[in-house]
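[1] Fold the following for me, if possible:
(2 chains)
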Amino acid sequence: MAGHKHPSYLKIYITLVVLFIVSVIGPEVAPSFGAFARPVVLLTAFGIAIWKAYLVCAYFMHLKVEKIYAPYILLACLSLLFVFFFGTATDAMFANGHNWVKPMDENEKVEEAMARSYVLNKDKHGGGHGDDDGHDSESR
Amino acid sequence: MAHEIIATGRSRTGIPTGRLAVWWVIGSEILIFGGLIATYLLNRFNHGPSWSVEAANTNTFIGACNTFWLLTSSLFVVYAHAASERRDAAKTRMWIWLTILLGGFFMGFKTYEYASEIHHGFTLFTSNFWSFYYTATGLHGFHVLCGMVILAIIAEGDIKKGRNWHRVENIGLYWHFVDIVWIFLFPLMYIAK
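    From the prediction side, this is the model:
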């Protein structure tokens, strides 16, 4: 890749850092958007992740000036991934189908998860990250 | 004894053989990490409420620091590549070692995070979420570690001796890919709770 002019790597990096900051702040402030909270989270967390990945691919990995075979290789693998995802999602997303029922009791799982969550039980136990006695073993 | 390069110029694609091989490695890694992420998403869609409660326990601050280390290390490794194109051994080695240093920061923070989570009772076998968490971040951490070792070998085994300059770009591509994987793991595990 020696024959081309390099873009300003620092500018790309600063853009990446700004996007990173937005992706952290976005989901934190999303609840204040009410009904739009979910789209805001999806856009700031995952939309920005895709944008960041594009910037790294295009400018740091020089895919913009790489021979066309490299993007073809990557796109072929990504296509296989989508085949896998949509091929399995049609079954995995449902709780039942022809002659099968998936045993799922989500309420029970939520209760179990809440019982072992040290973040949700922080006030009860007075714990936090790094404390020595934030949890008793029974709550797990 | 002169170092003989055998297979760098015979690619019919116009891409040097080593770099083409790295693109293939990255293609296969897309399937490995992509498969993990796709399965994570399927589970997340199916078990949204319980997975949200589990995800609330991950440490966003450490995840954010690790994102910053990797983004910055991507800048450093691309600077190393630019320096290697100028055949500037001192600068190339300096940027490579700074990249390794940030990789070390990443691994250090990750180790602390793992220790803290295990201390709070969240292990590989606690629930599906934590199994995914440890598998995905553990596999990613292993890739970071491998990248650091290869970077060190290239800095001291090749660049110091003024040979195999193209390897800086090849390992750079790998390192950027590892950064991209984290770009997606970060919102999945730490942000979208």
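
[2] So, low pLDDT: which residues of chain A?
    Residue ranges of chain A with pLDDT under 70: A:1-6, A:104, A:120, A:122-140.

[3] tell me, what residue is most central in it?
    By C-alpha atoms, centre = their mean, chain A has its centre lying nearest to residue A:46, at 6.0 Å.

[4] which ones are touching it?
    B:187, B:192 (C-beta atoms under 8 Å, 6 or more residues apart in numbering or on different chains). All C-beta atoms are positioned from the backbone trio N, CA, C, and that covers glycine.

[5] let's see it at 7 Å
    By C-beta atoms under 7 Å, 6 or more residues apart in numbering or on different chains, the contact set of residue A:46 is residue B:187.

[6] where does residue A:15 fall, helix, sheet strand or coil?
    Recorded secondary structure, residue A:15: helix (DSSP: H, G, I helix; E, B strand; the rest coil).

[7] How many residues are close by the residue lying closest to residue A:81 once chain neighbours are set aside?
    Among residues not flanking residue A:81 along the chain, residue B:34 sits closest, at 4.1 Å (C-beta to C-beta, 6 or more residues apart in numbering or on different chains). Residue neighbour count, defined by other C-beta atoms under 10 Å in any protein chain shown, stands at 19 for residue B:34.

[8] Equivalent analysis for residue A:17, please.
    Close neighbours of residue A:17, defined as other C-beta under 10 Å, add up to 16.

[9] Quick check: it touching residue B:71?
    Yes: with contacts counted by C-beta atoms under 7 Å, residue A:17 reaches residue B:71, the gap being 6.4 Å.

[10] hang on, the earlier thing: isn't the residue nearest to residue A:81 up against residue A:82?
    No: counting by C-beta under 7 Å, residue B:34 sits too far from residue A:82 to count as a contact (9.0 Å).

[11] And the strands in chain A?
    Secondary structure of chain A (DSSP state E): strands located at A:96-97, A:100-101.

[12] right, quick check: the last one against chain B, any contact?
    It stands for strand A:100-101. No: Strand A:100-101 is not in contact with chain B by C-beta under 7 Å from any C-beta of the partner chain; minimum separation 13.8 Å.

[13] Sketch out the helices for chain A, chain order is fine.
    All helices of chain A, identified by DSSP state H, fall at A:9-29, A:37-41, A:48-55, A:69-92, A:106-116, A:122-125.

[14] Put together JSON lines for these, with distance to residue A:98 on each row.
    Compiled in JSON lines, those are given as follows (distance: least, C-beta to C-beta, whole Å):
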{"stretch": "helix A:9-29", "distance to residue A:98": "39"}
{"stretch": "helix A:37-41", "distance to residue A:98": "32"}
{"stretch": "helix A:48-55", "distance to residue A:98": "36"}
{"stretch": "helix A:69-92", "distance to residue A:98": "11"}
{"stretch": "helix A:106-116", "distance to residue A:98": "22"}
{"stretch": "helix A:122-125", "distance to residue A:98": "46"}
